[in-house]
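> Predicted model follows, preceded by the sequence.
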Amino acid sequence: MEELTFAIPERLAEFLREMATEQNASVSDVATLLLRRGYDFTKNRPVLEPDRGQRPEARTDPRLDWWRAEKFGLFIHWGLYAIPAGLWKERAIPGIGEWIMQRAEIPVAEYEKLAGEFNPVQFDAAAWVAMAKAAGMKYIVITSKHHDGFCLFQSAQTDYSVVDASPFGRDVLAELADECKKQGIRLGFYYSQTQDWHHPGGDGNDWDFTPSSQAFADYVDNFVKPQVSELLTNYGPIAIIWFDTPKGISREQSESLLELVHSIQPECLVCGRLGNGLGDYASMGDNRIPGELTDLDWETPATINDTWGFKVNDHNWKSSTDLIQKLVDIVSKGGNYLLNVGPTAEGVIPQPSIERLEAMGRWLAVNGESIYGSKPGPVQGRGDIRTTRVDGKVYIHIFNWPADGALRIDGIAGQSARLLADGTQLPVAQDGTALVIDLSTAPLDAADTVIVLE
Ligand code: FHN
């Protein structure tokens, strides 16, 4: 694995490594090519890559109505990578934790030994589901198979699973599916359809295998499809199949996977990362929030710290204020927020994640009516406020309380305004085309105080 020997921002380094991996090229080749093509490194990468988009006919499909209303989901990245947790042979491996096998070019024969150590005796599906619900999350998506190829479910296609290869021996997906049913929350499965560093035909492992399009086609037809069928047959109703990193998957392959999912469970949604713009909904880049409204159903998958899979040295936790504001920002532009936790190898969700999710749950318990079932509000593009609307009501989310105690909003009218949290009426006045709301009281919530305008 090529090391970067000069100082560049970690986000840029991460981007170059990802591109190098996806293009099967060296980091310096990627950087040289991008510079030659005039790529501006000071700009961010696109928020939505077209191949991760939404099929036009899905935009009005009522099968998505629950998803459009629910807004906030829990993502769980869990697998063998939680054991090394970012360290390999006492060396800290840069990048996201679940990529350690690729970043450190760990041979399959060595990496798969981790399965013999995977014994998460503290895994408690009931507690995980209860935590998601208390956070105000309405659906859960868990990695059934990530790029390392290890399966959190029993599969007739491979023994490389938690059931057959680990001392734990329990079907994690089955336990979660039972618990989600009991506690009344939808469950979806992440499935890495293109990258599989354990399977000789899967994409991405060029240190053990020689890539070939024939081997990849066999892998899709004779491994991916039977596994996707298992996931949709053995665990009850599945809300979402969350495919990821489409890379070079062909349109025909994406189409056949889409058809397969819908032939087994017509109601199951397919994430845009299926590839080739065929998703039931669009998937933004990781942690990427569009700056403006977009005419798509879309979701932002996001981390609470920097990694998805558990990393012992990643302490870069976003604040709960930041997370609440990101949720509101996304919802105000019509999107969904899929927020990740990376449990440890013992099956414990890191305490900093739990604390932040609890804070989000407290905020949503008070302000949820401005989020669930809402649509983007009439005022867009301001830094200090966001707006959402439900039926005839407009919700004004105040991120920065006005220092002079008056909130002035152009192009909006309203008869009455009150604080959502405690019902306090706020004096309003019309000044030409602007509405002025008297905010001489103190904010009720530093992250986001919500005003209802009717
Ligand atoms: O490579 C993966 C990564 O490990 C993680 O699963 C994220 C989640 O959105 N998806 C891919 C990168 O975009």
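Yep, that arrived. Treat the numbers as computed from the prediction; the structure is a model and nothing was measured.
> Report how many residues lie close to the residue of the chain found nearest the ligand.
Residue of the chain nearest the ligand, by C-beta to the nearest ligand atom: residue 301 (3.9 Å). C-beta here means a position set from N, CA and C on the backbone, and glycine is covered the same way. Residues contacting residue 301 under the criterion other C-beta atoms under 10 Å number 25.
> Pop out the phi and psi values for the residue nearest to it when sequence neighbours are not counted.
Excluding its sequence neighbours, the residue lying closest to residue 301 (C-beta to C-beta, 6 or more residues apart in numbering) is residue 338, at 4.6 Å. Comment: the main-chain dihedrals of residue 338 come out as phi -110, psi 100, following degrees, to the nearest 10.
> ok, residue 338 to residue 298 distance?
Taking C-beta to C-beta, to the nearest Å as the criterion, residue 338 is separated from residue 298 by 11 Å.
> How about residue 328?
Here the criterion is C-beta to C-beta. By it, residue 328 lies 16 Å from residue 298.
> returning to that earlier point: got a pLDDT number for the residue of the chain closest to the ligand?
We note a pLDDT of 98 for residue 301 in this prediction.
> cool, and residue 357?
Each residue has a pLDDT score; the one for residue 357 is 99.
> and it, what is it in contact with?
74, 131, 132, 134, 135, 137, 339, 341 (C-beta atoms under 8 Å, 6 or more residues apart in numbering).
> Is the closest residue in space to residue 401 that isn't next to it in sequence in a helix, a strand, or coil?
Leaving aside its chain neighbours, residue 401 sits nearest to residue 443 (4.5 Å; criterion: C-beta to C-beta, 6+ apart). Residue 443 carries the three-state label coil when classified by DSSP: H, G, I helix; E, B strand; the rest coil.
> For residue 443, what are phi and psi?
phi -60, psi 150.
> distance of it from residue 152?
Residue 443 sits 43 Å away from residue 152 when distances are taken as C-beta to C-beta.
> Could you do residue 106 as well?
The gap separating residue 106 from residue 152 is 19 Å, by C-beta to C-beta.
> Of the two, give the one with the bigger neighbour count.
Between residue 106 and residue 152, counted using other C-beta under 10 Å, residue 152 has the larger neighbour count: 28 against 23.
> List the contacts of the more buried one.
Applying C-beta under 8 Å, 6+ apart to residue 152 gives the contacts 78, 79, 142, 143, 144, 145, 161, 162, 171, 172, 173.
> now residue 396
377, 379, 385, 386, 387, 407, 409, 417, 437, 450, 451, 453.
> just residue 276 next, same as before
Applying C-beta under 8 Å, 6+ apart, we find residue 276 in contact with 51, 246, 249, 250, 251, 254, 255.
> The first one: neighbour count?
The one in question is residue 51. Other residues within reach of residue 51, judged by other C-beta under 10 Å, total 19.
> Make sure I have this right: it is in a helix.
Yes: the assignment for residue 51 is a helix, going by three-state DSSP.
> Correct me if wrong: it contacts residue 274.
No: in terms of C-beta atoms under 8 Å, residue 51 does not count as a neighbour of residue 274; the distance is 9.1 Å.
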